[in-house]
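K.L.:
generate a structure from the sequence data that follows.
(chains A and B, ligands or ions: 2)
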Amino acid sequence: MTVRMGFVIITSRCIDCDACMVACRSENDVPLGHTRNWVKSSGVQGQFPRVSEMFQPGNCMHCDNPPCVSVCPTGASQKRSDGIVIVEDKKCIGCKYCLTACPYDARFSNSETGKADKCTLCLHRLEQGLEPACVQTCLGKSRQAGDLNDPSSVVSRLIAQYPTRILLKEVGTGPNIYYIDEAVPDIPDGK
Amino acid sequence: MELTWGLMIVIYLFTAGLSAGAMITSNLAFLYGGQEFERVSRWGAYLSPFPISLGLGLLVLDLGSPFNFYQLFLTLELSSPMSYGSWIILFFTLLSFGYLYLWLPQAYQKVGQTLQLERWKKRLAMLMPFLSIAVASYTGLLLNAAVRPIWDAPLLPILFLISALSTGVAAVIMISNLSPWKRARHKELHVLTKADAGLIILECLIILIMIVMGRSSSASESMAFSSLLVGNYVWVFWLLIVGLGLIIPLFMELMELKGKIPVKWVWPVTISSSFLVLFGGFFVRYVITYAGQTNSWF
Ligand code: SF4
Ligand code: SF4
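P.N.:
Numbers count the residues shown, from 1 in each chain, chains lettered A, B, ... in the order given. Ligands and ions are numbered 1, 2, ... in the order given. Prediction:
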């Protein structure tokens, strides 16, 4: 089966330390003022004394039907055969059409290059057999990445074991970040 | 999300529509009106190439990599309205300059024989309406494809088309009234004013249907349309678009058509009503461009 790269993010394990954001910025030289990944807070929920707050990390969802790719007028935005959505800088004219088309606001205009910028799933690290920087650095092991089509990958094992949800399903982009909200005591072994 | 497409894009959407509308006005006046409509056809032809050229210039400046813009013309991506739209606009703009040349007074037509040029004028006048409709409505498809609340309204291309025609007609009325040379005759103006009034009524209907459809759609969509009716854009929508841009000029045009305006007032009323139509057309693009971005899915 073809490779389909994506993430599993376990919100119950995120403590909002923002290490993933720092790791991404230094790994990918992301200019200040914008970020390729983020941690969103649900705000305080419930009534005292039973209050809770959920943290939901995110980044480009490397969608199955990425609108950012279909609207790109030059072919700079592409979906690779392994599912990773990338921007080929050489072709990008900086029209920002893809920014408007992404329902997750996962893209920004890089003020240094003038090009559209976003998560590359750390393609350059994958090629060296390393995990994405945000995954490797994640303190709570909340972030996991891998091949969603390979049943022996960590991400597939987690999805098989726990209920998951995806964001803005009704928009039809087919996002490839699967969120698990339940407590996950042990991260399964796998590729 | 933060505002990605700002005023430059609004101006571009407006000027592209204006040029397309002026072009069609000129083409149809020439094809169906002949000599009697010679003045408005001429002014439409003189006007059409310029707004869109200005808009295109701003558009290129707005790019993050302006010097890379030629990449647009190395490919044709059928899934991207911006890609096929760029090609359509390229042809439209080049041909609109050609069409302008064909309308120049004979003394300025240094190339070509008069008879041949006349034949070309007719041919272009038959082709340009199709290109103009494409230019005016593709801007709606452009926003449609980004699938955001408001932007994904299926009627958006039609709204932009009708608004483009209306602003085009209004601009031709205005210029052919302001100019001391080749000033439009009463009969020409009467027909154009009638057309514009019809277009405004149509535009009101389309806006109404869009709102009803949007409000009965998903929660995100409904919320986005509320931002026009009662939210952040309430003033722009009701005052600048509905009031000053549609109802008041429509009222003025209807009075003119009925001959209810005293003769000495006709000129200022004509100029102000056409100005208001342009003004409203601009804010239609503004409100859609902005409200589509300040609202997102939830
Ligand atoms: S999350 Fe946004 S940028 Fe990433 S693939 Fe989906 S639409 Fe494109
Ligand atoms: S900004 Fe670049 S990647 Fe995005 S749509 Fe425009 S050309 Fe394509």
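K.L.:
what ranges do the helices span in chain B?
P.N.:
Ranges of helices in chain B, per DSSP state H, are B:7-28, B:38-47, B:49-61, B:81-103, B:114-144, B:156-178, B:186-215, B:219-229, B:234-235, B:248-257, B:263-294.
K.L.:
which bits of chain A sit near ligand 1?
P.N.:
Within chain A, the positions adjacent to ligand 1 are A:60-63, A:66-68, A:85, A:102, A:104, A:106-107, A:118, A:173 by CB under 6 Å from any ligand atom. Quick note: C-beta positions are derived from backbone N, CA and C, even for glycine.
K.L.:
one step back: ligand 2: which of the helices of chain B is closest?
P.N.:
Closest approach to ligand 2 among those (CB to the nearest ligand atom): helix B:81-103, 7.4 Å.
K.L.:
got the contact list for B:Met8?
P.N.:
By CB atoms under 8 Å, 6 or more residues apart in numbering or on different chains, B:Met8 lies in contact with B:Leu58, B:Leu59, B:Leu61, B:Asp62.
K.L.:
in the stretch 1-150 of chain B, which residue sits closest to ligand 2?
P.N.:
For the stretch 1-150 of chain B, CB to the nearest ligand atom, closest residue to ligand 2: B:Gly64, 6.6 Å.
K.L.:
pick out the residue of chain A closest to chain B.
P.N.:
In chain A, the residue that lies nearest chain B is A:Gly94 (2.1 Å; CB to the nearest CB).
K.L.:
gap between the residue in the stretch 151-298 of chain B that chain A sits nearest to and B:Pro149?
P.N.:
Nearest residue of the stretch 151-298 of chain B to chain A: B:Trp297, at 5.2 Å (CB to the nearest CB). Counting by CB to CB, to the nearest Å, the separation of B:Trp297 from B:Pro149 is 7 Å.
K.L.:
longest helix in chain A, by residue count?
P.N.:
Per DSSP H, chain A has its longest helix at helix A:19-28.
K.L.:
which parts of the helix or strand following that helix are buried?
P.N.:
Counting by DSSP states H and E, the element after helix A:19-28 in chain order, helix or strand, is strand A:37-41. Across strand A:37-41, burial judged by 16 or more other CB atoms under 10 Å in any protein chain shown covers A:Asn37, A:Trp38, A:Val39.
K.L.:
quick check: phi and psi at the most centrally placed residue in chain A.
P.N.:
The residue lying closest to the centre of chain A (CA atoms, centre = their mean) is A:Asn59, at 3.4 Å. Main-chain dihedrals, A:Asn59, degrees, to the nearest 10: phi -170, psi -170.
K.L.:
tally up the residues packed near residue 71, please.
P.N.:
I'll assume chain A. The local packing of A:Val71 (other CB atoms under 10 Å in any protein chain shown) involves 25 other residues.
K.L.:
nope, chain B
P.N.:
18.
K.L.:
so who does it touch?
P.N.:
For B:Gln71, counting by CB under 8 Å, 6+ apart, the contacting residues are A:Thr74, A:Ala76, A:Lys91, A:Cys92, A:Ile93.
K.L.:
right, and the third one touches A:Lys115 too?
P.N.:
No: using CB atoms under 8 Å as the test, A:Lys91 is too far from A:Lys115 to be in contact (9.3 Å).
K.L.:
need the overlap of contacts for those two.
P.N.:
With CB under 8 Å, 6+ apart, A:Lys91 and A:Lys115 have common neighbours A:Ala76.
K.L.:
contacting residues around B:Ile288?
P.N.:
B:Leu143, B:Ile150, B:Trp151, B:Leu156.
K.L.:
change it to 10 Å
P.N.:
Going by CB atoms under 10 Å, 6 or more residues apart in numbering or on different chains, B:Ile288 touches B:10, B:13, B:139-140, B:143, B:150-151, B:153, B:156, B:159-160, B:163, B:210, B:228, B:233.
K.L.:
now do the longest helix of chain A: which elements does it pack against?
P.N.:
Counting contacts by 3 or more CB pairs under 10 Å, 6 or more residues apart in numbering or on different chains; DSSP states H and E, helix A:19-28 is packed against strand A:37-41, strand A:55-59, helix A:123-126, helix A:133-137, strand A:143-147.
K.L.:
among these, which comes closest to B:Ser273?
P.N.:
Nearest to B:Ser273 among the helices and strands packed on helix A:19-28 is strand A:37-41 (49.5 Å), distances taken as CB to CB.
K.L.:
what about the closest one and chain B, any contact?
P.N.:
No: applying CB under 10 Å from any CB of the partner chain, one finds strand A:37-41 separated from chain B by no less than 12.4 Å.
K.L.:
residues in contact with the next helix or strand after that strand: which ones?
P.N.:
Counting by DSSP H and E, the element after strand A:37-41 in chain order, helix or strand, is strand A:45-47. Under the contact criterion CB under 10 Å, 6+ apart, strand A:45-47 has outside partners A:Val51, A:Ser52, A:Glu53, A:Met54.
K.L.:
which one of the residues you listed is nearest B:Ile241?
P.N.:
For the contacts of strand A:45-47, the nearest to B:Ile241 is A:Met54 (40.8 Å; CB to CB).
K.L.:
contact partners for the closest one?
P.N.:
A:Thr11, A:Ser12, A:Cys14, A:Asp16, A:Lys40, A:Ser41, A:Ser42, A:Gly43, A:Val44, A:Gln45, A:Tyr179, A:Asp181.
K.L.:
now with 8 Å, please.
P.N.:
A:Thr11, A:Ser41, A:Ser42, A:Gln45, A:Asp181.
K.L.:
same deal with A:Gln56?
P.N.:
Here A:Gln56 is in contact with A:Ile9, A:Thr11, A:Cys14, A:Val39, A:Lys40, A:Ser41, A:Ser42, A:Tyr179 (CB under 8 Å, 6+ apart).
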